[in-house]
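Asker: Below are the sequence and a predicted model for it; my questions follow.
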Amino acid sequence: MDDIDKIKQKLDIVEVIGQHLQLKKAGRNFKTNCPFHSEKTPSFVVSPERQIWHCFGCGKGSDIFGFLQEYENITFSEALKDLAARAGVKLVVSPARSQKEKKQETIYSLNHLSSQFYNYLLLSHPAGKIALDYLIKQRKMTIPLIKTFMLGYAPGNDALTKYLIGKKKYQEQDLIEAGLVYRRGIQATDFFKNRIIFPIFDIRGNVIAFSGRELPGKTTGGGKYVNTRETAVYIKGNSLYGLDVARDAIKKEGKVIIVEGEFDVITAHREGILNIVAVKGTALTENQITLLKRLAPKFTFCFDSDPAGTEAQRRSIQLIERDEIAATVIKPSQGKDPDELLNDAPALFKKALKNDVNVYDFIIDSAFLEFDKNEGEGKKNILEKTLPYITLIENEVIKEHYLKRLAALLEASFESVLKQAEKIKSQKKEAPIIPASQLPKEEIKEAYLLSLILQSDNPKAKLVFARSALQGIPLSTPSFEKILEYLEKFQQDTPQFSAQLFAQFLPVELHASSDTAYLAPLPEFEDGVHYQREIEKTAIQVRIEAIRKKIGKLAESIKISEQEKDEDKIKTYQEEFTKLSKLLTTS
């Protein structure tokens, strides 16, 4: 038994997925809304017997490894390590690991060592005294907070390069690929110098990158903040600062507060506000939205009050409307940024947090603060800043509410604002509508019959009953018919049905069809008698559909034979036609 099988044997897929999603029992399986696409009706199904999952909405499906890879956007190697740790399985290191995985592991290791090095310099070395004094006296940080977020200090010399190459024996190229070092001519030099260091963690606690803030009065070049460039483990649009420590609080509160900067997050933690993350001065990306909406159904924005912060909030709102996420905005009093207000008057920030406003009220209010409604140009600008967002609202009643509010504030008629909104909506380039692929009617019925058989308490008996109702008519879908044939063979040697053993008995090419049938949602039946009737009814419908299809083909053959004046073929086809027609009338 290899490591993968050992892990699957020790872990229950329902328990693993249940740590991330709320699963509800549905017959033999469990169901919930799919985390990988937006849906209102649950179509994500988990089988405890088969230890697999499948979404009937987006078509994705796999095992516990595939779920973790998809859900946390990680490699198979990372999922393997994570699940091995949960299962208590010691992995056998494979020499065939990919170069990419080796590179990622090296960067994780380098980043971990670097964060410890920077943290040590800040807390325990004279080089970090000025930075520590600034954090404690001016930023009102505490030592426990600094340790929680592993804040550090990068001195002006090349201390990190000397430490990692000289003492830890890493290669210079490894440091460059991790974004910790760059070459200046022929010499390697630290990327971060004279800066307070904020390690950036992924949701599993790996250090994936760093952000560095220059100390007041010490210009280092490159701006107030500089960040690690994108590497093999860090993509800026996929990460959120503070998510690793905020994750549990976000799930508990059912809401995530989204701010711009690191200090906003850390200061909020000091005041007991734990369900908070930072996007680092940009609008939310689709990947960040996907990550957060798995943890909470509500987003609350609190970006800086300057025009850039307001615009970033607008762009974020445009994206989340597509996913139907409830969203509000915090408007800190006195026009201060979250960190400023939390330091100067934390009670006012907490009051603003309780009085958060709907995102569309924010969009309208911020536009009126930015432009003069009494001027023609101002009215035009206000409409341009509001209508593109209001027209996105799916609920027509809510949309009308905001259009009427906008009209009243502009002192314009509702009809004129509505007309302008419709004009903007018509100018938008609609995404091409791709029609959903429709399965043939007989294939849908056959898939349902296969699900009824495989998910029953006695598949062998149900198959015998279904075959009797089919009266010798095989299933027209080759993969479904083969699965039934393999089930007949399997049950000859194995009287007691086992989903796991049957899956191993099936050829690999039939696994997808079998898994889908085994996970497909079924209606709830009053008792075994009603279940049996449903199998009989479905089998009869499959038989009738198959006969009709054959009759249709025979009619076409008779027509062609008549044109060719082939009397022998006409007679043969007509006899077959009559025979099938009688079968149809007796069904």
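Answerer: Now that the structure is in, tell me what you want to look at.
Asker: Could you report the separation of the residue nearest to residue 39 when sequence neighbours are not counted from residue 38?
Answerer: Excluding the flanking residues, the one nearest residue 39 by CB to CB, 6 or more residues apart in numbering is residue 57, at 5.0 Å. (C-beta placed from N, C-alpha, C; glycine too.) Applying CB to CB, to the nearest Å, the value for residue 57 to residue 38 is 9 Å.
Asker: For residue 259, grab the count of nearby residues.
Answerer: For residue 259, the tally of surrounding residues (other CB atoms under 10 Å) stands at 27.
Asker: Going along the chain, name the strands of the stretch 351-500 of the chain.
Answerer: 357-358 (DSSP state E, counting those that start in this stretch).
Asker: ugh, wrong one, I meant the stretch 51-200 of the chain
Answerer: 52-55, 61-62, 152-154, 181-184, 187-190, 195-201.
Asker: can you list these in CSV and add mean pLDDT and distance to residue 384?
Answerer: Shown next, in CSV, are the strands of the stretch 51-200 of the chain (pLDDT from 0 to 100; distance: least, CB to CB, whole Å):
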stretch, mean pLDDT, distance to residue 384
strand 52-55, 91, 39
strand 61-62, 88, 44
strand 152-154, 97, 44
strand 181-184, 89, 42
strand 187-190, 90, 46
strand 195-201, 96, 36
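Asker: looking at those strands, which is buried most?
Answerer: strand 152-154 (a mean of 27; mean count of other CB atoms under 10 Å).
Asker: Surely residue 73 touches residue 238?
Answerer: Yes - with contact defined as CB atoms under 8 Å, residue 73 reaches residue 238; the gap is 6.5 Å.
Asker: what residues do these two have in common as contacts?
Answerer: Residues touching both residue 73 and residue 238 (CB atoms under 8 Å, 6 or more residues apart in numbering): 287, 291.
Asker: so can I have JSON lines of the strands of the stretch 51-200 of the chain showing distance to residue 528?
Answerer: Formatted as JSON lines, those follow (distance: least, CB to CB, whole Å):
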{"stretch": "strand 52-55", "distance to residue 528": "26"}
{"stretch": "strand 61-62", "distance to residue 528": "29"}
{"stretch": "strand 152-154", "distance to residue 528": "66"}
{"stretch": "strand 181-184", "distance to residue 528": "70"}
{"stretch": "strand 187-190", "distance to residue 528": "72"}
{"stretch": "strand 195-201", "distance to residue 528": "53"}
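Asker: Identify whichever of those lies nearest to residue 447.
Answerer: Closest to residue 447 of those is strand 52-55 (CB to CB; 12.8 Å).
Asker: Remind me what that closest one packs against, helices and strands.
Answerer: On a contact count with 3 or more CB pairs under 8 Å, 6 or more residues apart in numbering; DSSP states H and E, strand 52-55 meets helix 13-18, strand 44-47, strand 61-62, helix 511-519.
Asker: and those, which is most packed in?
Answerer: For the helices and strands packed on strand 52-55, the highest mean count by mean count of other CB under 10 Å goes to strand 44-47, at a mean of 24.
Asker: hey, where'd the helices end up in the stretch 351-500 of the chain?
Answerer: 359-370, 376-390, 396-410, 414-427, 441-454, 459-470, 478-493, 499-505 (DSSP state H, counting those that start in this stretch).
Asker: And those: which comes nearest residue 536?
Answerer: When the helices of the stretch 351-500 of the chain are compared by CB to CB, helix 459-470 sits nearest residue 536, at 5.0 Å.
Asker: could you point out where the stretch 101-250 of the chain is predicted with low confidence?
Answerer: In the predicted model of the stretch 101-250 of the chain, residues 219-221 satisfy pLDDT under 70.
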